[in-house]
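*Asks:* Curious how this folds, go ahead:
(one chain, ligands or ions: 3)
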Amino acid sequence: MIERRKPIWVKEATEKIMELKRRGEMEWVSIEECDGRFLAAPLIADHDVPPFDRSPYDGFAIRSCDTLSGSSKNPLQFEVVDEIGAGQVSMKHLQEFQAIRIMTGAAIPQGADAVIMLELVKEETSLDKKIITIKRKVNAGENISFQGEDAKKGQKLLEQGTMINPGVKALLATFGYHKVPVAKKPVIGVIATGSELLRVEEPLSPGKIRNSNGYMIESQIIKAGASVKKYENCADDLESLLAAVKSAMKECDIIITTGGVSVGDFDYLPEIYKQIGAEVLFNKIAMRPGSVTTVAKCENKLFFGLSGNPSACYVGFELYVRPIIRYWLYSNKPFLRKATAILNADFPKPNPFNRFVRGRLSYDNGRIFVEPVGLDKSNVVTSVAWADCLIVLPGGTRGYLNGDLVDILLLEDQSGSDEQWKEKRRSSKL
Ligand SMILES: Nc1nc2c(c(=O)[nH]1)N[C@H]1C(S)=C(S)[C@@H](COP(=O)(O)OP(=O)(O)OC[C@H]3O[C@@H](n4cnc5c(N)ncnc54)[C@H](O)[C@@H]3O)O[C@H]1N2
Ligand code: MOO
Ligand SMILES: [Mg+2]
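*Replies:* Ligands and ions are numbered 1, 2, ... in the order given. Next up, the predicted model:
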């Protein structure tokens, strides 16, 4: 007798998984090697930035009060008493009608409260003295980049779980992190199952296809920020599949399989979960594609049984595996970022399940449009390569029309969201 599976809502599936979320350990890596890693601690400024008032221009540091009567009709003369470049500090304390020649980045000398640019003064030497003439009033604070204007000591600048990009790296360097606290990456085992699967270098032969999901999942794992442990493709054979799953359990934090999770004669994952004594959290979700996505837990390890169908496999990963990885990496926004967009196509046929259609965004005159890409079938692979978002079409009794406002989940975004897409149910029954 064929097993009847009871679907659960996307929200419920998400909650069941996120109950098992945990943070990884922290490790310190060299700043040279921290790109793309995730901060294991918030970054808090331990000093002001800039750490001193400094000049943003090459010019002359002066006392603004000396310039009050300056104009083209009333040029004022200042004696230049010192010259400093970036990195130097003047020992002089500016007195009335004195100026210090100062270069961009140098600390504002004592007594000065403004800088006038080189281009705005006339320079001359008279009786061995360097003199400048200023023909305008300069305001207090003019052309000063103030201590702490960029960041104040004690200010939280970045959240735990932030991905290290070039700007984040610059901040790390600013605050002297030659070693950076990052989240230790979870090791994720990937087992592609299916007797039809060829290795990527093998020529096609009748009835066979190349294993594309294995590579796709590896790439999704890396993009999410985790490490991959790859296993040989596994034929639909209970014994060898069980052996592969058992070694992955020993060697990995999380185990992903693709294929063999539905109700076919050679879909062995349900039997494998039984044999290892895993508790299956769910094996059917009210969504398309990816309805067969199965999640089980055993000995503190999570097992994601993703569909063999490429689009379903892809969506299953993004909705359920990615948040677990991102949370592990200390993110408080582990879910895909959401937005709304104007649908650029008709979807007249109703579907009882929520659909996550591969789509592409376009921007026009301040508006965001989204259109589906490729075939909307769970067994296609091309649409995955063409998509930059998932169009969420809540299930129900009516379809969708060109012009409807729809939710989208952004696939190329790194910042994430603190909650999964809010399931809009048009009916409470499944
Ligand atoms: N009688 C029923 N049949 C099916 C049901 C159902 O409810 N009742 N569900 C369908 C749905 S929905 C999906 S999704 C698939 C899921 O199948 P499996 O996860 O068991 O995957 P397989 O049967 O192993 O393969 C499905 C499909 O994907 C191809 N595949 C598998 N692995 C890879 C890979 N690594 N790279 C590329 N392509 C792969 C495989 O050749 C099949 O064509 O079940 C439906 N059936
Ligand atoms: O899980 Mo299947 O993808 O719904 O087609
Ligand atoms: Mg199957």
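*Asks:* Scan the protein for its longest strand.
*Replies:* In the chain, ranked by residue count with DSSP state E as the criterion, the top strand is strand 354-364.
*Asks:* how about the residues of the stretch 151-300 of the chain near ligand 2?
*Replies:* Residues of the stretch 151-300 of the chain lying close to ligand 2 by C-beta under 6 Å from any ligand atom are 288-292. Every C-beta, even on glycine, is put in place using the N, C-alpha and C of the backbone.
*Asks:* Tell me where the model's unsure across this protein.
*Replies:* Within the chain, the stretches with pLDDT under 70 are 1, 425-430.
*Asks:* show me where the stretch 201-350 of the chain has strands.
*Replies:* 209-210, 227-230, 254-258, 279-282, 287-288, 294-298, 301-306, 337-343 (DSSP state E, counting those that start in this stretch).
*Asks:* I meant the stretch 51-200 of the chain, not that one.
*Replies:* Taking DSSP E, counting those that start in this stretch as the criterion, the stretch 51-200 of the chain carries its strands at 59-62, 76-84, 98-102, 114-117, 121-126, 129-134, 156-158, 179-183, 187-192, 197-198.
*Asks:* out of those, which comes closest to residue 36?
*Replies:* strand 179-183 (9.8 Å; C-beta to C-beta).
*Asks:* How many residues are close by residue 87?
*Replies:* By other C-beta atoms under 10 Å, the residues close to residue 87 number 9.
*Asks:* which residues touch it?
*Replies:* By C-beta atoms under 8 Å, 6 or more residues apart in numbering, the residues touching residue 87 are 105-106.
*Asks:* now, of the strands of the stretch 201-350 of the chain, which is deepest in the fold?
*Replies:* When the strands of the stretch 201-350 of the chain are scored by mean count of other C-beta atoms under 10 Å, the highest mean neighbour count falls to strand 254-258 (a mean of 27).
*Asks:* Show me which residues of the protein sit near ligand 3.
*Replies:* Residues of the chain lying close to ligand 3 (C-beta under 5 Å from the ion) are 262, 264, 267.
*Asks:* Quickly name whichever of the residues you listed is closest to residue 344.
*Replies:* Nearest to residue 344 out of these is residue 262 (C-beta to C-beta; 32.7 Å).
*Asks:* Identify the residue of the protein closest to ligand 1, quick one.
*Replies:* With C-beta to the nearest ligand atom as the measure, residue 308 is the residue of the chain nearest to ligand 1, at 2.5 Å.
*Asks:* Enumerate every residue touching the closest residue to residue 66 other than its chain neighbours.
*Replies:* Spatial nearest neighbour of residue 66, excluding adjacent residues (C-beta to C-beta, 6 or more residues apart in numbering): residue 97 at 5.3 Å. Contacts for residue 97 (C-beta under 8 Å, 6+ apart) come out as 66, 76-79.
*Asks:* Top of those residues by number of neighbours, please.
*Replies:* Busiest of those [other C-beta under 10 Å] is residue 78, holding 23 neighbours.
*Asks:* returning to what we had before: what residues of the longest strand of the chain count as buried?
*Replies:* By neighbour count on 16 or more other C-beta atoms under 10 Å, the buried set for strand 354-364 is 354-361.
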